[in-house]
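Novice: The following block contains a protein sequence and its predicted model.
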Amino acid sequence: MERIEMTTQTTKRLRRLIASTAIAAACLLALPAAADQLEETYWGMIRSRSDAQSFENYLSRFPDGAHAADARARIEALKSGEAPSTAPTVTPAPAPASPSEPANLGTTTADPAALIEQTLEQAVAAQSRGDLKEAARLFGQAAEAGSALAHMQLANMMELGAGVPQDYRGALAHYEAAAALGDVGGYVAVINAKNMDYQPDSTFDPAGAARFILELSRIDLAAALSTLDRMGSATLSSLQQQMARGGFYTGKIDGQTGPGTRAALEAHARAGAAKPPSSAPSVGQPIVTRKGVGGITRDTSYDADAMRAALPGYEIAVRRVTLEGVSQVSFTARKNGQDVMRIEGMDGRISHVQVTGSGIADEHGMTVGLSTFKDFTGDVEERCLVNEMRDGSSAVSCESATPAITYAFAAASPVRVDANGSVRRSSVPPQSVLVRITWYPMD
């Protein structure tokens, strides 16, 4: 495929769009309903692509879809910087596998990741044609093979009673399995389930919900903060009690969300990092610079072997999804059982790296999970944008002095934006924690 060259202005606008999508995804509050899953799966595969044709294909299938506005914005941004060229060719979709001949994940020696992908593809196809019983069976098969996505889908179907008997406890078990595999959506679903008093098959466990919030805060602080306004007083009281025992909360145990509760959760998250920030990043941790992340640079091939060579000591997990001829591959770097980076790209090239692991820093000491907005020294009005979350909090994304790096901060309270779209430094809480650093390869 001919490479699309973009002006610096267009590149910056596109990176802002990608950053906005990433922040919103990290704060996901619920799994889409089964009827919307085909669209969500399709969008998940194309959202990091850099060809306008992919987004035009999305709009042709889902003209009123949940991501239609984002798709149109991406098309405009991409086309405004495209040199005249032939539109990319999309490979026609292969015929769906027969439901009676699913991939057998337990008795074959083929690539397990490819077999999981094939089974998920069959499950989504069954779901889209209304065969929910077959979809549930296939999702169950992929879940047994270790797919977090399959656990999430099957849990959602059990919760709704779609294709399987309604089973809240069974759904909770699958949400917990997804969380154990590092899925942030799984954590949020478990928290929601344990916070709600379902009848007659109750999963109500406020102390358990609080424990999962605390654990999630050290994996994805923004997602953990976004759950608080949805919690009942029993869960919030338990959360306050647990944080008080840890020395993070000193206020009244009142079962209400307020600045003190949010600040305590942020402090708990910061305490989860191995070492405090310093002028030099921790030894052995990859460093984010203008040129790359650890050993990853703009010249690193977009394949698993190259990622493992660039990040020694890290487990590299591969996720492949193919639907209707569109294939998306992403990589997740893990350390000590925790997801610390997500690498995305296409056509053999890296498009961006999202760093979320606590303790990983840039060359100036800005450290995920430890540094706060008061440490950001850039031009806030020119380089920051705000995403408002459903719970009233805000996610603030700022460019560094070099356009290759952006920082995402979790603000516990709303951040005001001027009529011209500018963000004033005084409107952002100085203790907003750095939750993500994103690096983009620049030519």
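Specialist: It's in.

Novice: Dihedrals phi and psi, residue 370?
Specialist: phi -130, psi -50 (degrees, to the nearest 10).

Novice: Quick one, grab the pLDDT at the residue lying closest to residue 402 once chain neighbours are set aside.
Specialist: Counting by C-beta to C-beta, 6 or more residues apart in numbering, residue 290 is the residue found nearest to residue 402 once chain neighbours are left out, at 4.5 Å. Quick note: C-beta positions are derived from backbone N, CA and C, even for glycine. The per-residue pLDDT reported for residue 290 equals 89.

Novice: wait, what's in contact with residue 290?
Specialist: By C-beta atoms under 8 Å, 6 or more residues apart in numbering, the residues touching residue 290 are 402, 404, 405, 442.

Novice: one more time with 7 Å, if that's ok
Specialist: Contact partners of residue 290, counting by C-beta atoms under 7 Å, 6 or more residues apart in numbering, are 402, 404, 405.

Novice: For it, give its distance to residue 385.
Specialist: Distance check for residue 290 against residue 385: by C-beta to C-beta, to the nearest Å, it reads 21 Å.

Novice: picking up where we left off before, among the contacts of residue 290, name the buried ones.
Specialist: 404, 405 (16 or more other C-beta atoms under 10 Å).

Novice: Just put the contacts of residue 290 in CSV and tack on secondary structure and distance to residue 345.
Specialist: Rendered in CSV, the data for those read as follows (DSSP: H, G, I helix; E, B strand; the rest coil; distance: C-beta to C-beta, whole Å):
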residue, secondary structure, distance to residue 345
402, coil, 20
404, coil, 15
405, strand, 17
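
Novice: ok, the contacts of residue 290 vs residue 240, which is closest?
Specialist: residue 405 (36.1 Å; C-beta to C-beta).

Novice: so who does that closest one touch?
Specialist: Residue 405 makes contact with 288, 290, 362, 437, 439, according to C-beta under 7 Å, 6+ apart.

Novice: Now find how far off-centre stretch 137-148 is within its chain.
Specialist: Per C-alpha atoms, centre = their mean, to the nearest Å, the displacement of stretch 137-148 from the mean C-alpha position of its chain is 20 Å.

Novice: For residue 258, which residues are in contact?
Specialist: Residue 258 touches nothing, counting by C-beta under 7 Å, 6+ apart.

Novice: could you redo the last one with a cut-off of 8 Å?
Specialist: Contacts of residue 258 by C-beta under 8 Å, 6+ apart are residue 251.

Novice: Likewise for residue 380?
Specialist: Counted by C-beta under 8 Å, 6+ apart, residue 380 has contacts 398, 423, 424, 425, 428.

Novice: same deal with residue 434?
Specialist: Shown in contact with residue 434 (C-beta under 8 Å, 6+ apart): 366, 367, 368, 369, 370, 371, 372, 373, 375, 407, 408, 409.

Novice: Name the member of these with the most neighbours.
Specialist: residue 409 (29 neighbours; other C-beta atoms under 10 Å).

Novice: Could you report the neighbour count for residue 69?
Specialist: With other C-beta under 10 Å as criterion, residue 69 counts 9.

Novice: Tell me if it really is in a helix.
Specialist: Yes: assessed by DSSP: H, G, I helix; E, B strand; the rest coil, residue 69 belongs to a helix.

Novice: continuing past the strand or helix carrying residue 171, what's the next helix or strand?
Specialist: Residue 171 belongs to helix 168-180 when assigned by DSSP states H and E. Sequence-wise, the next helix or strand downstream of helix 168-180 (DSSP H and E) is helix 184-195.

Novice: and the angle from that following helix to helix 168-180?
Specialist: Orientation of helix 184-195 against helix 168-180 (axes from the mean of the first three to the mean of the last three C-alpha atoms, to 10 degrees) gives an angle of 140 degrees.

Novice: Kindly export helix 184-195 (C-alpha atoms) in CSV.
Specialist: Extracted C-alpha coordinates of helix 184-195, given in CSV (Å, rounded to 0.1, in the frame of the first residue of the first chain):
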residue,chain,number,x,y,z
VAL,A,184,-10.0,-3.3,32.2
GLY,A,185,-13.6,-3.8,31.1
GLY,A,186,-13.6,-7.0,33.1
TYR,A,187,-12.6,-5.1,36.2
VAL,A,188,-15.3,-2.5,35.7
ALA,A,189,-18.0,-5.2,35.1
VAL,A,190,-17.0,-7.1,38.3
ILE,A,191,-17.1,-3.8,40.2
ASN,A,192,-20.6,-3.0,38.8
ALA,A,193,-21.9,-6.5,39.5
LYS,A,194,-20.6,-6.6,43.1
ASN,A,195,-22.0,-3.2,43.7
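
Novice: elements contacting the helix or strand following that helix?
Specialist: Under the assignment DSSP H and E, the closest C-terminal helix or strand after helix 184-195 is helix 206-217. The elements that helix 206-217 packs onto, with contact taken as 3 or more C-beta pairs under 8 Å, 6 or more residues apart in numbering; DSSP states H and E, are helix 184-195, helix 221-227, helix 233-245, helix 259-271.

Novice: how about those, which one is nearest residue 152?
Specialist: Among the helices and strands packed on helix 206-217, helix 184-195 sits nearest to residue 152 (C-beta to C-beta), with 5.9 Å.

Novice: hmm, who's touching the helix holding residue 171?
Specialist: 143, 148-149, 151-152, 154-156, 158-159, 185-187, 189-190, 193-194, 198, 201-203, 212.

Novice: Can you tell me the SS state at residue 403?
Specialist: coil.

Novice: So, low pLDDT: which residues of the stretch 151-300 of the chain?
Specialist: Residue ranges of the stretch 151-300 of the chain with pLDDT under 70: 197-202, 273-284.
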